[in-house]
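> Take this sequence and fold it.
(one chain, ligands or ions: 2)
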Amino acid sequence: MENLNLVSLPHFVSVENLSVEEVEALINRAEYFKNGGATPNLTEPICITNMFFEDSSRTHTSFEMAERKLGLTVIPFDPAHSSVNKGETLYDTSLIMEAVGVNIEVIRHSQNEYYQNLIRPQNHQHLDIGIINAGDGSGQHPSQCLLDMMTIHEHFKQFKGLKVAIVGDITNSRVAKSNMELLHRLGAEVYFSGPEYWYSKEFDKYGKYEELDKLIPEMDVMMLLRVQHERHSDDPNEKNFDAKAYHEKYGINKGRYKALKPNAIIMHPGPINHDVELSADLVESDKCMFTRQMQNGVFMRMAMIEAVLRGRKLGGLK
Ligand code: ASP
Ligand code: CP
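Ligands and ions are numbered 1, 2, ... in the order given. All right, here's what the predicted structure looks like:
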(Lines give C-alpha, C1' and ligand atoms only; values in the text may rest on other atoms or scores of the structure.)
(Ligands and ions follow the chains in the order given, each with its own letter.)
Protein backbone atom coordinates (compact mmCIF):
# COMPACT_ATOMS: atom_id res chain seq x y z
CA MET A 1 0.00 0.00 0.00
CA GLU A 2 1.18 3.54 -0.71
CA ASN A 3 2.85 5.14 2.28
CA LEU A 4 1.34 8.52 3.05
CA ASN A 5 4.03 9.37 5.57
CA LEU A 6 6.45 10.86 3.02
CA VAL A 7 9.89 12.20 3.85
CA SER A 8 10.81 15.78 3.04
CA LEU A 9 14.42 17.04 3.17
CA PRO A 10 16.21 20.08 1.67
CA HIS A 11 19.38 17.98 1.14
CA PHE A 12 20.20 14.28 1.55
CA VAL A 13 23.79 14.11 2.75
CA SER A 14 23.88 11.62 5.63
CA VAL A 15 21.73 8.99 7.34
CA GLU A 16 22.76 10.22 10.78
CA ASN A 17 20.06 12.89 10.94
CA LEU A 18 17.22 10.64 9.76
CA SER A 19 14.73 9.47 12.38
CA VAL A 20 13.80 5.78 12.53
CA GLU A 21 10.33 6.77 11.26
CA GLU A 22 11.90 8.51 8.25
CA VAL A 23 14.02 5.43 7.47
CA GLU A 24 10.91 3.25 7.64
CA ALA A 25 9.00 5.68 5.42
CA LEU A 26 11.80 5.67 2.82
CA ILE A 27 11.89 1.85 2.81
CA ASN A 28 8.09 1.74 2.37
CA ARG A 29 8.22 4.27 -0.42
CA ALA A 30 11.04 2.41 -2.23
CA GLU A 31 9.08 -0.85 -1.89
CA TYR A 32 6.01 0.93 -3.29
CA PHE A 33 8.02 2.07 -6.35
CA LYS A 34 9.48 -1.43 -6.71
CA ASN A 35 5.95 -2.86 -6.75
CA GLY A 36 5.03 -0.59 -9.66
CA GLY A 37 3.51 2.30 -7.65
CA ALA A 38 2.91 5.52 -9.58
CA THR A 39 5.57 8.21 -9.51
CA PRO A 40 4.47 11.72 -8.44
CA ASN A 41 3.06 14.06 -11.07
CA LEU A 42 5.50 16.93 -11.41
CA THR A 43 3.94 20.27 -12.36
CA GLU A 44 7.15 21.74 -13.87
CA PRO A 45 10.37 20.35 -15.43
CA ILE A 46 13.03 19.54 -12.85
CA CYS A 47 16.73 19.34 -13.76
CA ILE A 48 19.25 17.18 -11.92
CA THR A 49 22.94 16.53 -12.55
CA ASN A 50 25.23 13.69 -11.43
CA MET A 51 28.70 14.93 -10.51
CA PHE A 52 31.00 11.97 -9.86
CA PHE A 53 34.49 13.12 -8.91
CA GLU A 54 35.29 9.53 -7.84
CA ASP A 55 34.73 6.42 -9.95
CA SER A 56 31.37 4.67 -9.88
CA SER A 57 29.50 2.03 -11.85
CA ARG A 58 26.31 1.27 -9.93
CA THR A 59 25.62 4.42 -7.91
CA HIS A 60 25.92 6.67 -10.95
CA THR A 61 23.89 4.42 -13.25
CA SER A 62 21.31 3.74 -10.62
CA PHE A 63 20.80 7.43 -9.76
CA GLU A 64 20.36 8.17 -13.46
CA MET A 65 17.81 5.36 -13.82
CA ALA A 66 15.93 6.64 -10.75
CA GLU A 67 15.96 10.20 -12.13
CA ARG A 68 14.58 9.08 -15.49
CA LYS A 69 11.89 6.94 -13.86
CA LEU A 70 10.79 10.04 -11.91
CA GLY A 71 10.61 12.05 -15.14
CA LEU A 72 13.48 14.42 -14.32
CA THR A 73 15.72 16.02 -16.95
CA VAL A 74 19.25 14.69 -16.45
CA ILE A 75 21.96 17.26 -17.28
CA PRO A 76 25.29 15.55 -18.05
CA PHE A 77 28.45 16.60 -16.19
CA ASP A 78 31.85 15.00 -16.67
CA PRO A 79 34.47 16.24 -14.15
CA ALA A 80 37.32 14.91 -16.30
CA HIS A 81 36.43 17.38 -19.07
CA SER A 82 35.22 20.28 -16.94
CA SER A 83 36.77 23.51 -15.70
CA VAL A 84 37.59 21.69 -12.45
CA ASN A 85 40.82 20.99 -14.38
CA LYS A 86 41.41 24.75 -14.54
CA GLY A 87 41.11 25.04 -10.77
CA GLU A 88 37.38 25.71 -10.42
CA THR A 89 36.11 24.95 -6.92
CA LEU A 90 33.18 22.65 -6.15
CA TYR A 91 31.35 25.66 -4.77
CA ASP A 92 31.81 27.59 -8.03
CA THR A 93 30.78 24.57 -10.12
CA SER A 94 27.63 24.41 -8.00
CA LEU A 95 27.01 28.12 -8.58
CA ILE A 96 27.09 27.42 -12.33
CA MET A 97 24.64 24.56 -11.97
CA GLU A 98 22.23 26.74 -10.03
CA ALA A 99 22.65 29.64 -12.49
CA VAL A 100 21.88 27.51 -15.55
CA GLY A 101 18.77 26.08 -13.88
CA VAL A 102 19.80 22.77 -12.30
CA ASN A 103 17.66 22.08 -9.21
CA ILE A 104 19.55 19.19 -7.59
CA GLU A 105 23.17 17.95 -7.68
CA VAL A 106 24.03 14.32 -6.91
CA ILE A 107 27.70 14.42 -5.87
CA ARG A 108 30.41 11.85 -5.13
CA HIS A 109 33.68 13.31 -3.91
CA SER A 110 36.84 12.02 -2.22
CA GLN A 111 36.79 14.73 0.45
CA ASN A 112 34.93 13.84 3.67
CA GLU A 113 31.95 16.16 4.24
CA TYR A 114 32.63 18.10 1.01
CA TYR A 115 28.96 19.10 1.22
CA GLN A 116 29.20 21.27 4.36
CA ASN A 117 30.16 24.38 2.39
CA LEU A 118 27.43 23.72 -0.18
CA ILE A 119 24.53 23.26 2.21
CA ARG A 120 25.63 25.99 4.65
CA PRO A 121 27.27 28.65 2.49
CA GLN A 122 29.56 31.10 4.34
CA ASN A 123 28.85 34.81 4.81
CA HIS A 124 28.03 36.64 1.58
CA GLN A 125 27.48 33.37 -0.30
CA HIS A 126 24.00 32.52 -1.50
CA LEU A 127 24.16 29.11 -3.15
CA ASP A 128 20.78 27.39 -2.93
CA ILE A 129 20.71 24.04 -4.72
CA GLY A 130 19.67 20.60 -3.45
CA ILE A 131 22.58 18.26 -2.64
CA ILE A 132 22.34 14.48 -2.58
CA ASN A 133 25.48 12.77 -1.33
CA ALA A 134 26.51 9.79 -3.47
CA GLY A 135 29.53 9.11 -1.20
CA ASP A 136 32.04 11.41 0.53
CA GLY A 137 35.55 10.04 1.11
CA SER A 138 35.43 7.63 4.04
CA GLY A 139 32.45 9.51 5.51
CA GLN A 140 28.94 8.53 4.46
CA HIS A 141 27.20 6.66 1.63
CA PRO A 142 23.52 7.28 2.41
CA SER A 143 22.01 5.74 -0.72
CA GLN A 144 24.05 2.53 -0.29
CA CYS A 145 23.08 2.37 3.37
CA LEU A 146 19.36 2.79 2.68
CA LEU A 147 19.31 0.29 -0.18
CA ASP A 148 21.06 -2.13 2.16
CA MET A 149 18.36 -1.50 4.81
CA MET A 150 15.69 -2.09 2.18
CA THR A 151 17.35 -5.39 1.15
CA ILE A 152 17.59 -6.58 4.77
CA HIS A 153 13.99 -5.54 5.42
CA GLU A 154 12.79 -7.37 2.30
CA HIS A 155 14.41 -10.59 3.52
CA PHE A 156 13.82 -10.44 7.30
CA LYS A 157 10.88 -7.95 7.58
CA GLN A 158 12.49 -6.36 10.66
CA PHE A 159 15.79 -5.17 12.15
CA LYS A 160 15.30 -5.73 15.89
CA GLY A 161 17.56 -8.48 17.19
CA LEU A 162 19.07 -9.30 13.76
CA LYS A 163 22.74 -10.19 14.01
CA VAL A 164 24.74 -8.32 11.38
CA ALA A 165 28.51 -8.65 10.87
CA ILE A 166 30.41 -5.91 9.01
CA VAL A 167 33.68 -7.40 7.75
CA GLY A 168 36.77 -5.89 6.15
CA ASP A 169 38.35 -2.47 5.74
CA ILE A 170 36.01 -0.79 8.20
CA THR A 171 38.15 2.28 8.96
CA ASN A 172 38.19 3.44 5.35
CA SER A 173 34.67 2.41 4.31
CA ARG A 174 31.86 4.97 4.10
CA VAL A 175 29.44 2.05 3.65
CA ALA A 176 30.52 0.65 7.03
CA LYS A 177 30.26 4.06 8.73
CA SER A 178 26.72 4.68 7.50
CA ASN A 179 25.52 1.12 8.10
CA MET A 180 26.92 0.53 11.60
CA GLU A 181 25.29 3.65 12.99
CA LEU A 182 21.90 3.11 11.39
CA LEU A 183 21.73 -0.65 12.03
CA HIS A 184 22.51 -0.03 15.70
CA ARG A 185 19.77 2.60 15.89
CA LEU A 186 17.27 0.28 14.17
CA GLY A 187 17.84 -2.33 16.88
CA ALA A 188 20.14 -4.80 15.07
CA GLU A 189 23.04 -6.40 16.95
CA VAL A 190 26.17 -5.27 15.10
CA TYR A 191 29.43 -7.26 15.04
CA PHE A 192 32.69 -6.47 13.29
CA SER A 193 35.50 -8.59 11.86
CA GLY A 194 38.44 -8.29 9.49
CA PRO A 195 42.02 -7.06 9.96
CA GLU A 196 42.42 -5.43 13.38
CA TYR A 197 44.52 -2.65 11.83
CA TRP A 198 41.40 -1.59 9.87
CA TYR A 199 39.29 -1.52 13.01
CA SER A 200 39.12 1.34 15.47
CA LYS A 201 37.95 1.46 19.10
CA GLU A 202 35.54 4.24 18.12
CA PHE A 203 33.31 1.57 16.49
CA ASP A 204 32.84 -0.21 19.85
CA LYS A 205 29.84 1.98 20.60
CA TYR A 206 27.92 0.33 17.75
CA GLY A 207 29.00 -3.32 18.07
CA LYS A 208 31.57 -5.91 19.04
CA TYR A 209 34.73 -7.07 17.24
CA GLU A 210 35.05 -10.89 16.94
CA GLU A 211 37.01 -13.51 15.02
CA LEU A 212 35.33 -14.24 11.66
CA ASP A 213 34.92 -17.99 12.22
CA LYS A 214 33.14 -17.35 15.51
CA LEU A 215 30.63 -15.09 13.75
CA ILE A 216 29.94 -17.24 10.67
CA PRO A 217 27.46 -19.76 12.23
CA GLU A 218 25.69 -17.10 14.32
CA MET A 219 25.02 -14.21 11.94
CA ASP A 220 21.87 -13.40 9.96
CA VAL A 221 23.71 -10.96 7.70
CA MET A 222 27.34 -11.02 6.58
CA MET A 223 28.12 -7.58 5.16
CA LEU A 224 31.44 -7.71 3.29
CA LEU A 225 33.48 -4.63 2.45
CA ARG A 226 35.93 -4.04 -0.37
CA VAL A 227 39.49 -3.26 0.69
CA GLN A 228 39.78 0.48 -0.03
CA HIS A 229 43.22 0.49 -1.71
CA GLU A 230 42.64 4.00 -3.09
CA ARG A 231 42.46 5.36 0.48
CA HIS A 232 45.65 3.64 1.68
CA SER A 233 48.31 6.04 0.40
CA ASP A 234 49.58 6.58 3.99
CA ASP A 235 48.77 3.08 5.25
CA PRO A 236 51.81 0.86 5.93
CA ASN A 237 49.60 -2.26 5.61
CA GLU A 238 48.99 -1.54 1.93
CA LYS A 239 52.42 -2.61 0.71
CA ASN A 240 52.15 -5.97 2.52
CA PHE A 241 48.64 -6.65 1.26
CA ASP A 242 48.28 -10.20 -0.02
CA ALA A 243 44.92 -10.97 -1.66
CA LYS A 244 45.21 -14.75 -1.16
CA ALA A 245 46.08 -14.43 2.52
CA TYR A 246 43.24 -11.92 3.02
CA HIS A 247 40.75 -14.34 1.41
CA GLU A 248 41.87 -17.20 3.62
CA LYS A 249 41.61 -15.15 6.80
CA TYR A 250 38.72 -12.76 6.20
CA GLY A 251 36.95 -13.85 3.01
CA ILE A 252 33.86 -16.02 2.50
CA ASN A 253 34.82 -19.26 0.78
CA LYS A 254 32.75 -22.40 0.19
CA GLY A 255 33.49 -23.82 3.65
CA ARG A 256 32.38 -20.67 5.45
CA TYR A 257 29.35 -20.37 3.14
CA LYS A 258 28.21 -23.88 4.16
CA ALA A 259 28.59 -22.98 7.84
CA LEU A 260 26.19 -20.00 7.59
CA LYS A 261 22.68 -20.21 9.09
CA PRO A 262 20.11 -21.55 6.56
CA ASN A 263 18.34 -18.17 6.25
CA ALA A 264 21.50 -16.03 6.44
CA ILE A 265 22.40 -13.61 3.65
CA ILE A 266 25.66 -12.19 2.31
CA MET A 267 25.78 -8.55 1.24
CA HIS A 268 28.43 -6.58 -0.62
CA PRO A 269 28.08 -2.99 -1.84
CA GLY A 270 30.26 -3.69 -4.89
CA PRO A 271 32.57 -3.63 -6.66
CA ILE A 272 33.54 -7.12 -5.45
CA ASN A 273 37.15 -8.22 -5.63
CA HIS A 274 36.64 -11.83 -6.62
CA ASP A 275 38.44 -14.33 -4.39
CA VAL A 276 39.37 -11.59 -1.92
CA GLU A 277 36.24 -10.68 0.10
CA LEU A 278 34.16 -13.41 -1.55
CA SER A 279 34.90 -16.48 -3.69
CA ALA A 280 34.13 -15.78 -7.34
CA ASP A 281 31.76 -18.75 -7.52
CA LEU A 282 29.63 -17.44 -4.62
CA VAL A 283 28.84 -14.02 -6.14
CA GLU A 284 25.61 -15.33 -7.69
CA SER A 285 24.85 -17.92 -5.02
CA ASP A 286 21.43 -18.13 -3.31
CA LYS A 287 22.51 -16.35 -0.16
CA CYS A 288 24.34 -13.54 -1.90
CA MET A 289 22.22 -10.38 -2.28
CA PHE A 290 24.69 -8.56 -4.58
CA THR A 291 22.34 -8.20 -7.57
CA ARG A 292 19.28 -7.67 -5.35
CA GLN A 293 21.08 -4.77 -3.67
CA MET A 294 21.74 -3.16 -7.07
CA GLN A 295 18.09 -3.62 -8.15
CA ASN A 296 16.81 -2.12 -4.91
CA GLY A 297 19.20 0.81 -5.31
CA VAL A 298 17.14 2.25 -8.16
CA PHE A 299 13.93 2.30 -6.09
CA MET A 300 15.57 3.61 -2.93
CA ARG A 301 17.23 6.41 -4.93
CA MET A 302 13.80 7.29 -6.37
CA ALA A 303 12.52 7.63 -2.80
CA MET A 304 15.53 9.75 -1.79
CA ILE A 305 15.25 12.10 -4.76
CA GLU A 306 11.53 12.44 -4.15
CA ALA A 307 12.26 13.40 -0.51
CA VAL A 308 14.48 16.26 -1.74
CA LEU A 309 11.91 17.34 -4.35
CA ARG A 310 9.42 17.59 -1.48
CA GLY A 311 11.86 19.29 0.85
CA ARG A 312 12.54 21.97 -1.77
CA LYS A 313 8.89 22.13 -2.94
CA LEU A 314 9.95 21.34 -6.49
CA GLY A 315 7.57 20.16 -9.20
CA GLY A 316 4.59 21.12 -7.06
CA LEU A 317 5.42 18.53 -4.38
CA LYS A 318 4.96 19.36 -0.71
N1 ASP B 1 31.08 1.41 -4.06
C2 ASP B 1 31.11 1.63 -2.63
C3 ASP B 1 31.62 3.03 -2.35
O4 ASP B 1 31.80 3.78 -3.28
C5 ASP B 1 31.92 0.60 -1.94
C6 ASP B 1 33.31 0.45 -2.46
O7 ASP B 1 33.68 1.04 -3.48
O8 ASP B 1 34.03 -0.30 -1.84
O9 ASP B 1 31.81 3.35 -1.21
N1 CP C 1 28.33 0.46 -4.25
C2 CP C 1 28.81 1.49 -4.95
O3 CP C 1 28.76 2.66 -4.52
O4 CP C 1 29.26 1.15 -6.18
P5 CP C 1 29.95 2.14 -7.23
O6 CP C 1 31.19 2.67 -6.57
O7 CP C 1 30.21 1.31 -8.44
O8 CP C 1 29.00 3.26 -7.49
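> When you work out contacts or count neighbours from here on, use the C-alpha atoms and nothing else.
OK.
> Quick check: residues of this structure near ligand 1?
174-175, 226, 269-271 (C-alpha under 6 Å from any ligand atom).
> Can you list the low-confidence ranges for the stretch 1-150 of the chain?
In the predicted model of the stretch 1-150 of the chain, residues 1-4 satisfy pLDDT under 70.
> mind listing the strands in it by residue range?
Using DSSP state E, counting those that start in this stretch, the strands found in the stretch 1-150 of the chain span residues 47-52, 73-75, 104-109, 130-136.
> And these: which comes nearest ligand 2?
Of all the strands of the stretch 1-150 of the chain, strand 130-136 sits nearest to ligand 2, with 7.3 Å by C-alpha to the nearest ligand atom.
> re earlier: show me the one in the residues of the chain next to ligand 1 that has more neighbours than the rest.
The residue in these with the most neighbours, by other C-alpha atoms under 10 Å, is Val175 (26 neighbours).
> for that residue, phi and psi?
Note on Val175: its backbone torsions stand at phi -70, psi -50 [degrees, to the nearest 10].
> these two touch, right, it and Leu147?
No. Contact criterion C-alpha atoms under 8 Å: Val175 and Leu147 do not qualify, at 11.0 Å.
> who are the neighbours in contact with the residue of the chain most remote from its centre?
Within the chain, His124 marks the point farthest from the mean C-alpha position, 32.9 Å out by C-alpha atoms, centre = their mean. For His124, no residue meets the contact criterion (C-alpha atoms under 8 Å, 6 or more residues apart in numbering).
> Could you list the contact residues of the chain toward ligand 2?
Counting by C-alpha under 6 Å from any ligand atom, the positions of the chain adjacent to ligand 2 are 56-60, 269-271.
> Inside helices: which ones of these?
58-60 (DSSP state H).
> Indicate the residue of the stretch 151-300 of the chain located nearest to ligand 2.
Ligand 2 sits closest to Pro269 of the stretch 151-300 of the chain, with a gap of 4.2 Å, by C-alpha to the nearest ligand atom.
> Where does the prediction get shaky in the stretch 201-318 of the chain?
Within the stretch 201-318 of the chain, no stretch has pLDDT under 70.
> that older thread, do you know which of the strands of the stretch 1-150 of the chain lies nearest Val84?
strand 47-52 (11.3 Å; C-alpha to C-alpha).
> helices and strands around that closest one, which ones?
Contact analysis of strand 47-52 by 3 or more C-alpha pairs under 8 Å, 6 or more residues apart in numbering; DSSP states H and E lists helix 58-69, strand 73-75, strand 104-109 as its packing neighbours.
> buried ones in the shortest one?
Neighbour-count burial for strand 73-75, with 16 or more other C-alpha atoms under 10 Å as criterion, is recorded at Val74.
> Now Glu181: closest residue in space, sequence neighbours ignored.
Tyr206 (6.4 Å; C-alpha to C-alpha, 6 or more residues apart in numbering).
> what sits against that neighbour?
Taking C-alpha under 8 Å, 6+ apart as the test, what Tyr206 contacts is 180-181, 184, 190.
> What are the boundaries of the helices in the protein?
For the chain, the helices defined by DSSP H cover 20-34, 58-69, 90-100, 116-119, 142-156, 174-185, 212-215, 243-250, 254-258, 290-311.
> Quick check: the closest residue to Asn41 other than its chain neighbours vs ligand 2, distance?
Once flanking residues are discounted, Asn41 sits nearest to Gly315: 7.8 Å by C-alpha to C-alpha, 6+ apart. From Gly315 across to ligand 2, the span is 27 Å (C-alpha to the nearest ligand atom, to the nearest Å).
> show me the contacts for whichever residue of the chain sits closest to ligand 1.
Closest contact between the chain and ligand 1, by C-alpha to the nearest ligand atom, is at Arg226 (4.4 Å). If a contact means C-alpha under 8 Å, 6+ apart, then Arg226 has 168-169, 268, 270-273, 277 as its contacts.
> From the residues you listed, pick the one nearest Lys160.
His268 (21.1 Å).
> Tell me the bridge partners for the closest residue to the closest one other than its chain neighbours.
Once flanking residues are discounted, His268 sits nearest to Leu224: 5.1 Å by C-alpha to C-alpha, 6+ apart. As for beta bridges, Leu224 partners with Val167 under DSSP bridges.
> Leu224: neighbour count?
Using other C-alpha under 10 Å, the number of residues around Leu224 comes to 27.
> Run through the residues that contact it.
166-168, 266-269, 277-278.
> cool, and Leu162?
Counting by C-alpha under 8 Å, 6+ apart, Leu162 touches 187-189, 219-221.
> Please work out which residue of the stretch 101-250 of the chain is closest to ligand 2.
In the stretch 101-250 of the chain, the residue that lies nearest ligand 2 is Gln144 (6.2 Å; C-alpha to the nearest ligand atom).
> Could you tell me how far that residue is located from Val221?
Applying C-alpha to C-alpha, to the nearest Å, the value for Gln144 to Val221 is 16 Å.
> No more questions from me, cheers.
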